[in-house]
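K.L.:
Turn this into a model:
(one chain, ligands or ions: 2)
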Amino acid sequence: MTVALTCGEPAGIGPEIAVAAWAALRGELGLLYIGDPAHLPEGTPWEATDPAGAPEVMARALPVLARDFGAPRTPGRPDPTHAAHVVDAIAEAVALVSSGACSALCTAPIHKQALIDGAAFAYPGHTEFLAALAGGGRRAVMMLACPELRVVPATIHIPLADVPAALTAELLEETIRTTRDALVRDFGIDAPRLAVAGLNPHAGEGGKMGREEIETIAPLLERLRGEGFDLAGPLSADTMFHPPARARYDAAICAYHDQALIPIKTVDFASGVNVTLGLPFVRTSPDHGTAFDLAGTGRADATSLIAALRMAHELGARRAAVG
Ligand SMILES: NC(=O)C1=CN([C@@H]2O[C@H](COP(=O)(O)OP(=O)(O)OC[C@H]3O[C@@H](n4cnc5c(N)ncnc54)[C@H](O)[C@@H]3O)[C@@H](O)[C@H]2O)C=CC1
Ligand SMILES: NCC(=O)COP(=O)(O)O
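P.N.:
Ligands and ions are numbered 1, 2, ... in the order given. Below is the predicted model of the structure:
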């Protein structure tokens, strides 16, 4: 069983944390790095191979599906000529997991702006790109998970000003259903408890601080409770994330990106994992970005990538076992 690991933005910390993760995990799981080996830190032991050969290579070298990105890497400074190769590596990894050659996909961070500028990348992130590659008109759902907390932003990479209009009952319902299904299937939670945040301060304060809770969120939750969903909310987001509140749910569904990601990155920035729900294959990622300020210094922490690779391996194995 081999986890495909895409290189992400070569100017970021991806290549160096990939090597650190390989060193930490080589006795534990198989991974296949997809990228340009010339971008790996000097002196990295690596070996060109394919998914079938990766587990055997792991013990002595980083297994690499070697691709030529055509130009060296300058840490902290993205090269526009790399952008299309970065996108191709993700598409290639999806082909490997879709064919069953790899058991799961883990992605090192991309720099969204560099891909949009350099390759006219038409997506705000991996999540939406992977949903498009998976086909079937899917809408993938982003979850970030650490041992203490799981959060799901219903709207993702859109301007804050656009959130109220985007947070429709349809989007929220699909997000809740996808999250519940994934908690059962991938996380082994038989009866998931979900907490749903309001959009406004104090969840609207009875309509005095916004009406989305009364008009959209509460009626939807009531309907879904009628179907047997275990749903709390709409809750005030500011009091959902302290430890006793966290103990009352298995995942928090949030209205927008920062409402979800600020708490988890505060609770556990080091080892949070981003996992995409609703795809026909497993995809995880570290919770952080390209960290240009650290690229090339050797000071980047690989803990989150290690946790992401472990989760990818575990979820891939679980799906393989249950079919
Ligand atoms: N899954 C993905 O592809 C993700 C990509 N990004 C992208 O990354 C780029 C940079 O985003 P930022 O908001 O600056 O976030 P960032 O996570 O790259 O950096 C924020 C701060 O955290 C530090 N940091 C990040 N990772 C670290 C690590 N492994 N060890 C130690 N310190 C670490 C950085 O040095 C910086 O001070 C953006 O283009 C963003 O879209 C951000 C999050 C996820
Ligand atoms: N803030 C999370 C993030 O940017 C990750 O996005 P994605 O590339 O996993 O869609």
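K.L.:
Who are the contact partners of the residue of the chain found nearest ligand 1?
P.N.:
Residue nearest to ligand 1 within the chain (C-beta to the nearest ligand atom): Gly289, separated by 2.2 Å. The C-beta positions use only the backbone N, C-alpha and C, and glycine is treated the same way. Listed by C-beta atoms under 8 Å, 6 or more residues apart in numbering, the contact partners of Gly289 are Gly12, Pro109, His111.
K.L.:
how close does it sit to Thr81?
P.N.:
Distance of Gly289 to Thr81, given as C-beta to C-beta, to the nearest Å: 21 Å.
K.L.:
same thing with Ala245?
P.N.:
48 Å.
K.L.:
wait, does stretch 86-95 contact ligand 2?
P.N.:
No. Stretch 86-95 does not reach ligand 2 (C-beta under 6 Å from any ligand atom); its nearest approach is 9.5 Å.
K.L.:
Burial check on the closest residue to Asp162 other than its chain neighbours, number of neighbours?
P.N.:
Distances taken as C-beta to C-beta, 6 or more residues apart in numbering place Thr155 nearest to Asp162, at 7.8 Å, with adjacent residues excluded. Neighbour count for Thr155, taken as other C-beta atoms under 10 Å: 25.
K.L.:
Which pLDDT value does the model give Thr155?
P.N.:
Note for Thr155: predicted pLDDT of 97.
K.L.:
Surely it is in contact with His257?
P.N.:
Yes. Using C-beta atoms under 8 Å, Thr155 is in contact with His257, at 7.0 Å.
K.L.:
hey, what's in contact with both of the two?
P.N.:
Joint contacts of Thr155 and His257 (C-beta under 8 Å, 6+ apart) do not exist.
K.L.:
which parts of the stretch 151-300 of the chain sit against ligand 2?
P.N.:
Proximity of the stretch 151-300 of the chain to ligand 2, by C-beta under 6 Å from any ligand atom, involves residues Leu261, Asn274, Ser285.
K.L.:
Check what pLDDT Arg139 gets.
P.N.:
Arg139 carries a pLDDT value of 88.
K.L.:
How much space separates it from Glu16?
P.N.:
33 Å.
K.L.:
More neighbours: those two, which one.
P.N.:
Neighbour tally, Arg139 and Glu16, criterion other C-beta under 10 Å: the higher count belongs to Glu16, 24 against 13.
K.L.:
and the more buried one, that's in a helix?
P.N.:
Yes. Under the criterion used here (DSSP: H, G, I helix; E, B strand; the rest coil), Glu16 sits inside a helix.
K.L.:
Can you tell me the SS state at the residue nearest the centre of the chain?
P.N.:
Residue closest to the average C-alpha location in the chain (C-alpha atoms, centre = their mean): Asn274, at 2.9 Å. Under three-state DSSP, the three-state class of Asn274 is strand.
K.L.:
Contacts only, for the residue nearest to it when sequence neighbours are not counted.
P.N.:
Nearest residue to Asn274, sequence neighbours excluded (C-beta to C-beta, 6+ apart): Ser285, at 4.3 Å. With contact set as C-beta under 8 Å, 6+ apart, Ser285 has these partners: Cys106, Thr107, Ala108, Pro109, His126, Val273, Asn274, Val275, Thr276, Ala308.
K.L.:
go on, Thr276?
P.N.:
Thr276 neighbours (C-beta under 8 Å, 6+ apart): His126, Thr127, Leu130, Ala131, Ala140, Val141, Met142, Met143, Arg283, Thr284, Ser285.
K.L.:
Tell me, how many residues neighbour the first one?
P.N.:
Same thing as His126. His126, neighbours per other C-beta under 10 Å, totals 23.
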